[in-house]
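In: No sequence on hand, only this structure:
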């Protein structure tokens, strides 16, 4: 009975691993499988490997432009969102910063977090249209900023609230100006939180589709999610190798970014700072 | 010169009620002053206002003769040690101690020598490369003190720096602070709720309650001449005993009638009480000033006997109240049993007489305003 229980656990574990890992494996396998192996009965392991889908992706589909567009939109929106979001969160959590807009600002953050992103499409469309921005990448960039700033503020507020204020008082007495205090004490201590929001915000911007499909009208400004959608829906519908290669290429920069940002996700950075 | 003067300082957070009321004190250059009081009495608020970490609602603060009300903390040339250590966790011990000097653009060689000198004083030399989380509580507190002394500040502020340490380490650090004080010889303002720290460290003590100064004086003055029942009860361990009594004048001589037993007050108290009318009073007697003995006029029953090594604290039911009597162990070899009847006497020299109505000490001393 005991042996059966253990076997059942192992079996369930294997099934769960397969369910979660298999789609990724299949995507990778399809991206390197020659076209002639994709007809009829498809084997689990490709009998030969090819990079032709990746080559086609860049030569025929101009994927490098989509990659560049995505990097531009994600990194620029991330930089803006981080600078404004982290600063705003710090100002909102510290009582020594008093200003009238504090409450409305908190309310705005809550509203943006509560409402579904699609709720903003009509006002944003009208706005971008009147500004004549629909033929550019700027709407995609601004909409990422619109969603990411409230998210960063919301996340970092709770992070800053947990940072011991005595350390900041101590730094002020040590002679730190407000800016020195923020850059030399607060930011290093908030590094794990900033790394976490950086990863999540980058992922959002990288994968953003809802706003891009509505606001980005020129194919030359398409980001990766839009380009992938066209690979799926046009003449290449049956070209699974191309679609899989596109999928792999869209994941690689994210993986690299996550691995980089993860170095800063160090738990207990403030250990020993104050008596717990 | 680094005197600190607080003139009618008031602090309000809501512009209606006040956390600090009319706080005035002059702290002399190189004086070690201790603000002591129970939690929430406002002592840390006063310290934060001196540091510039909290705004002063009303009144004036002078450091070294300069008005400091609107001066930023970094420009006050003060250093502060926090109860929670407040170290920079991402910096090494050296980095923590050098931080203020780096901000002042002090030359590298000087930073190095000043940090190493402070580390030597505090026994931290071999820990200079470690991060705060790799240190014990006592070592962290030393780093916090070291960080303050490298700056050579005009005023040294300490906010309950020993509260987070265990009893043994606290005693050790207390004596180290005393040595440090002799060595760096600057003005110290020290906040604590621990009256032992206050008594042992301070040149003068400021006893606070509800945002008000109750008494200012040397430890000996505050201990032997408390201005009111609060100070009398707060300073001294175990706490002073309080008895209901009557202040009477018999044949022109002040006497204390406690439970029908008349105690004639000595000559100095006769002088100090002059012109005070006979009235119901609260008499205060410290446990160590009560003498046990068969010839004692008062009697009581032992409830509990606490043996503390060198002394025994007897909790005694007497005169309708519970009283603590401190007995030297060497004078009570056989010990005490619960329920044992004892007799004791009160020495008129050590009885404090407080108004039942106001709680203020009714004695007036020759040196002027009571409690300085």
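Out: Nice, I can see it. From a predicted model like this one, the values you see are computed outputs, not experimental measurements.

In: For burial, what's the neighbour tally of the closest residue to residue B:100 other than its chain neighbours?
Out: Once flanking residues are discounted, residue B:100 sits nearest to residue A:174: 3.8 Å by CB to CB, 6 or more residues apart in numbering or on different chains. In short, each C-beta sits where N, CA and C put it, glycine included. By the criterion of other CB atoms under 10 Å in any protein chain shown, residue A:174 has 27 neighbours.

In: what sits against residue A:174?
Out: Each residue near residue A:174 by CB atoms under 8 Å, 6 or more residues apart in numbering or on different chains is listed here: B:74, B:79, B:99-100, B:103, B:147, B:151.

In: what's the following helix or strand after the least confident helix or strand in chain B by mean pLDDT?
Out: Every helix and strand of chain B was ranked by mean pLDDT, DSSP states H and E. The lowest is helix B:167-184, at a mean of 85. The helix or strand immediately downstream of helix B:167-184 is strand B:187-192, counting by DSSP states H and E.

In: So which residues make contact with that next one?
Out: Contact with strand B:187-192 is made by B:2-4, B:27-36, B:43-44, B:46-47, B:50, B:154-163, B:181, B:197-198, B:201-202, as judged by CB under 8 Å, 6+ apart.

In: quick one: strands adjacent to it?
Out: Taking DSSP bridges as the criterion, strand B:187-192 forms sheet pairs with strand B:32-36 (parallel), strand B:155-159 (parallel).

In: now that strand against helix B:167-184, angle please.
Out: Inter-element angle recorded for strand B:187-192 and helix B:167-184: 170 degrees (by axes from the mean of the first three to the mean of the last three CA atoms, to 10 degrees).

In: Name the surrounding residues that touch the next helix-or-strand element following strand B:187-192.
Out: Sequence-wise, the next helix or strand downstream of strand B:187-192 (DSSP H and E) is helix B:195-201. Here helix B:195-201 makes contact (CB under 8 Å, 6+ apart) with B:32, B:34, B:36, B:162, B:170, B:174, B:177-178, B:181, B:190, B:192, B:205, B:219, B:223, B:234-237.

In: Next, find the distance separating whatever residue of the stretch 151-300 of chain B ends up closest to chain A from residue B:354.
Out: Minimum separation of the stretch 151-300 of chain B from chain A (CB to the nearest CB) falls at residue B:164, amounting to 4.2 Å. Residue B:164 sits at a distance of 35 Å from residue B:354 (criterion: CB to CB, to the nearest Å).

In: between these two, who's got more neighbours?
Out: For residue B:164 versus residue B:354, the count of surrounding residues by other CB under 10 Å is larger for residue B:354: 23 against 19.

In: Where does the more buried one sit: helix, strand or coil?
Out: Recorded secondary structure, residue B:354: strand (DSSP: H, G, I helix; E, B strand; the rest coil).

In: quick one on the thing from earlier: give me the buried subset of the contacts of helix B:195-201.
Out: Buried members of the contacts of helix B:195-201, scored by 16 or more other CB atoms under 10 Å in any protein chain shown, are B:32, B:34, B:36, B:162, B:170, B:174, B:177, B:181, B:190, B:192, B:205, B:219, B:223, B:234-236.

In: Can you tell me the number of residues neighbouring residue 3?
Out: I went with chain A, as the question did not name one. 7.

In: that's the wrong chain, I meant chain B
Out: Counted with other CB under 10 Å, residues neighbouring residue B:3 total 17.

In: residues in the stretch 201-350 of chain B within reach of chain A, list them.
Out: Nowhere does the stretch 201-350 of chain B come near chain A, counting by CB under 8 Å from any CB of the partner chain.

In: domain parsing for chain A?
Out: As assigned by automatic domain parsing, chain A contains the domains A:2-50, A:53-262.

In: in the stretch 151-276 of chain A, which spans are helices?
Out: Under the criterion DSSP state H, counting those that start in this stretch, the stretch 151-276 of chain A contains helices at A:165-173, A:178-180, A:187-189, A:191-207, A:210-215, A:224-233, A:240-262.

In: most packed of those helices?
Out: Burial of these is given as mean neighbour count (mean count of other CB atoms under 10 Å in any protein chain shown); helix A:165-173 ranks first at a mean of 23.

In: so what secondary structure elements neighbour that one?
Out: When contacts are defined as 3 or more CB pairs under 8 Å, 6 or more residues apart in numbering or on different chains; DSSP states H and E, helix A:165-173 packs onto helix B:43-51, strand B:78-81.

In: Over that helix, what's the mean pLDDT, rounded is fine.
Out: What helix A:165-173 shows for mean pLDDT is 91.

In: so the nearest residue to residue B:122 once chain neighbours are set aside is in which element?
Out: Excluding the flanking residues, the one nearest residue B:122 by CB to CB, 6+ apart is residue B:142, at 4.4 Å. Following DSSP H and E, one finds residue B:142 within helix B:137-149.

In: Hey, what's the angle from that helix to helix B:167-184? Just curious.
Out: Using the same axes, to 10 degrees: helix B:137-149 against helix B:167-184 is 20 degrees.

In: for chain B, which spans come out with low pLDDT?
Out: For chain B, applying pLDDT under 70 flags the ranges B:1, B:365-372.

In: center of it - which residue?
Out: When CA atoms, centre = their mean is applied to chain B, the residue found nearest the centroid is residue B:198 (3.2 Å).

In: how near is it to residue B:235?
Out: Here residue B:198 is placed at a distance of 8 Å from residue B:235 (CB to CB).

In: joint contacts of the two?
Out: Common neighbours of residue B:198 and residue B:235 (CB under 8 Å, 6+ apart) are B:36, B:205.

In: Tell me if I'm right that residue B:256 and residue B:266 touch.
Out: No. Residue B:256 is beyond contact range of residue B:266, at 11.1 Å (criterion: CB atoms under 8 Å).

In: which one of these two has more residues nearby?
Out: Neighbours were counted for residue B:256 and for residue B:266 using other CB under 10 Å; residue B:256 has more, 21 against 15.

In: nearest spatial neighbour of that one, skipping sequence neighbours?
Out: In this structure, residue B:256 finds its nearest non-sequential neighbour in residue B:263, 4.7 Å apart by CB to CB, 6+ apart.
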